[in-house]
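sharing a model that was predicted from the sequence below.
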Amino acid sequence: MMRQEQLSVVIDAQQRVFLDKQDLIIREALQNVPIVDNYATIITGIRRCGKSTLLLQLLKSKYTEVIYLNFEDIRLVAFNIEDFIRLQQEIDKRSIRVLFFDEIQIVDKWEIFVNQLLREGYTVFVTGSNASLLSKELGTHLTGRHLSMELFPFSYREFITYKETEADQESLKDYLVTGGMPEYVKSGQALILGSLMDDILVRDISVRHSVRDIDSLKQLAIYLISNVGVLVSANKLTGLFGIKSSTTILEYFNYFKDAYLVEFVPRFDYSIKVQARNPKKIYVMDTGLINVVSTSFTEDLGRKLENMVYLHLRRTYSTIYYFAEKGECDFVVFEKGKIVQAIQVCYTIDDFNFEREYSGLVAALHYFKVNHGFIVTLNQEDIFEKDGLTIEMIPAYKYFIRKE
């Protein structure tokens, strides 16, 4: 339990820090923040991807004053459900109607408090770094009264805007290595990403899910980050890193996904059961993490480019598969049940791999009865038209900035 005076001091201190934050660039996501009267806006994403900066930009563009409170502040470690009454009193005293709450879901029954604020006409924004912990509570007390969005690290377009450089092969290579975590893009200090990794594993996973074997958890995470674009299944990993149960492996997979560390792309099949049975491809939420954390002895530039293309797609679409029937295609993307893109990724096309990449994409186009697809490369460009199909070979830096 906290005293009213303590809470007031923390709010004032956090407010000063919040308002002094530097917003490196205006985020593209700013124009997509959903705001509706009597609805809470929920913004989720990996730690340090810029959620609080996005809130600051929202304040500058739309509001005159807000109350900001980050519940992970060490001074709030004793905050519990009873303290929501004191927080309500503090809000009432300040007569501010717009509220920004960061990581509020670590406090039990937070959703009841937010629901009460909505009934009283407050505008509430909640940010968090764990998707399922938010959604679980939202489904009980805020059903129909919340709008959700995800924030990702810098896109390639944001990256070159900050770097004040052109869209070309060199900036793409830079982005491939650096990734898009704002603090790391700004400083280049690898310790930032190492610290991020530790925070995710400890705060977002070990503490929240009571995982005691942190060493095994970390080894599994590093293995996945070192194998982007590779097929993985829980059964084949059982026994590695001291984890003896495939059920435990699957639990860890879900924890990684909920914390936005890695994602698992299923093989396309109309049967959900078949999708669940087949191995999934691994992708990491930021390519900078791959370069800092991976234990791979090779550069794996092709797989990193594939990861980068996945992130580009994931910013817009949530339904993404890999295709493997008579041929293989890296990504088939759906929206509202209809395929919208088929993409093959290859760092460099040559005489040895062209037929494989081309025929795999053609197989996907025939399967889904669409007539246009992409082969995304580092710097090669071409167009192939045959049998009513158009396949566009395009440099990644052009693909990332093209208009849909």
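Thanks, I have it. Residues are numbered from 1 along each chain as shown.

ramachandran angles for Thr248?
Dihedral angles of Thr248 (phi, psi; degrees, to the nearest 10) stand at phi -70, psi -40.

count of neighbours near it?
17 (other Cβ atoms under 10 Å). Yep, even glycine has a C-beta here, placed from its N, CA and C like the rest.

tell me the pLDDT at Asp300?
With respect to pLDDT, Asp300 scores 86.

any idea how far it is from Val293?
Separation of Asp300 from Val293 (Cβ to Cβ, to the nearest Å) stands at 13 Å.

now Leu250, what's its secondary structure?
Look at Leu250: counting by DSSP: H, G, I helix; E, B strand; the rest coil, its state is helix.

list the contacts for it?
Residues touching Leu250, when contacts are defined by Cβ atoms under 8 Å, 6 or more residues apart in numbering, comprise Ala234.

just Thr247 next, same as before
By Cβ under 8 Å, 6+ apart, Thr247 lies in contact with Ala234.

likewise Ile35?
So Ile35 contacts Thr41, Lys62, Thr123, Leu147 (Cβ under 8 Å, 6+ apart).

mark which of those residues are buried, thanks.
Thr41, Thr123 (16 or more other Cβ atoms under 10 Å).

dump the contacts of Ile35 to CSV, plus distance to Asn371.
Output for the contacts of Ile35, formatted as CSV (distance: Cβ to Cβ, whole Å):
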residue, distance to Asn371
Thr41, 39
Lys62, 43
Thr123, 46
Leu147, 36
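
out of the contacts of Ile35, what pair is the most spread apart?
The span of these, defined through Cβ to Cβ, is set by Lys62 and Leu147 at 15.1 Å.

nearest to Val202 among the contacts of Ile35?
Lowest distance from Val202 to the contacts of Ile35 (Cβ to Cβ) belongs to Thr41, with 27.9 Å.

who is the closest one paired with across the strands?
Under DSSP bridges, the beta-bridge partners of Thr41 are Phe125, Leu147.

check the spacing between it and Val114 real quick.
Thr41 sits 11 Å away from Val114, going by Cβ to Cβ.

now Lys60
24 Å.

so the two - more neighbours on which side?
Comparing Lys60 with Val114 by other Cβ under 10 Å, the one with more neighbours is Val114, at 26 against 13.

pull out the buried residues from the helix or strand containing the more buried one.
Using DSSP states H and E, Val114 falls within helix 110-119. Within helix 110-119, the residues scored as buried using 16+ other Cβ under 10 Å are Trp110, Glu111, Phe113, Val114, Asn115, Leu117, Leu118.

flag every buried residue along the helix or strand containing Ala13.
Taking DSSP H and E as the criterion, Ala13 maps to helix 4-19. For helix 4-19, the neighbour count (16+ other Cβ under 10 Å) marks Gln6, Leu7, Ser8, Val10, Ile11, Gln14, Gln15, Phe18 as buried.

for the closest residue to the fourth one other than its chain neighbours, what are its contacts?
Nearest residue to Val10, sequence neighbours excluded (Cβ to Cβ, 6 or more residues apart in numbering): Arg75, at 4.9 Å. Neighbour list for Arg75: Gln6, Val9, Val10 [criterion: Cβ under 8 Å, 6+ apart].

which one among those gets closest to Asp330?
Val10 (47.6 Å).

my read is that the closest one contacts Asp73, right?
Yes. Using Cβ atoms under 8 Å, Val10 makes contact with Asp73 at a distance of 6.1 Å.

contacts only, for Lys62.
By Cβ under 8 Å, 6+ apart, the contact list for Lys62 reads Ile35.

can you give me the distance of it to Glu158?
Distance from Lys62 to Glu158, counting by Cβ to Cβ: 20 Å.

looking at Leu19 now. What's its pLDDT?
With respect to pLDDT, Leu19 has a value of 94.

with Glu111 instead?
pLDDT, Glu111: 88.

now do Asp382
Asp382 is assigned a predicted lDDT (pLDDT) of 98.

wait, it sits on Pro395?
No. With contact defined as Cβ under 8 Å, Asp382 does not reach Pro395; the gap is 10.6 Å.

neighbour count: those two, which is higher?
Neighbour totals were compared for Asp382 and Pro395, and Pro395 leads with 17 against 11 (other Cβ under 10 Å).

identify the residue spatially nearest to that one, adjacent ones excluded.
Pro395's closest residue in space is Asn379 (Cβ to Cβ, 6+ apart), at 4.9 Å.

what touches both of Asp300 and Val293?
With Cβ under 8 Å, 6+ apart, Asp300 and Val293 have no common neighbours.

now do the helices in the stretch 51-200 of the chain.
For the stretch 51-200 of the chain, applying DSSP state H, counting those that start in this stretch gives helices covering 51-62, 83-94, 110-119, 131-141, 156-163, 169-178, 182-187, 190-199.

weakest of the ones you listed by average pLDDT?
Least confidently modelled of the helices of the stretch 51-200 of the chain is helix 131-141, at a mean of 63 by mean pLDDT.

where does the stretch 301-404 of the chain have low pLDDT?
Residues of the stretch 301-404 of the chain meeting the criterion pLDDT under 70: 404.
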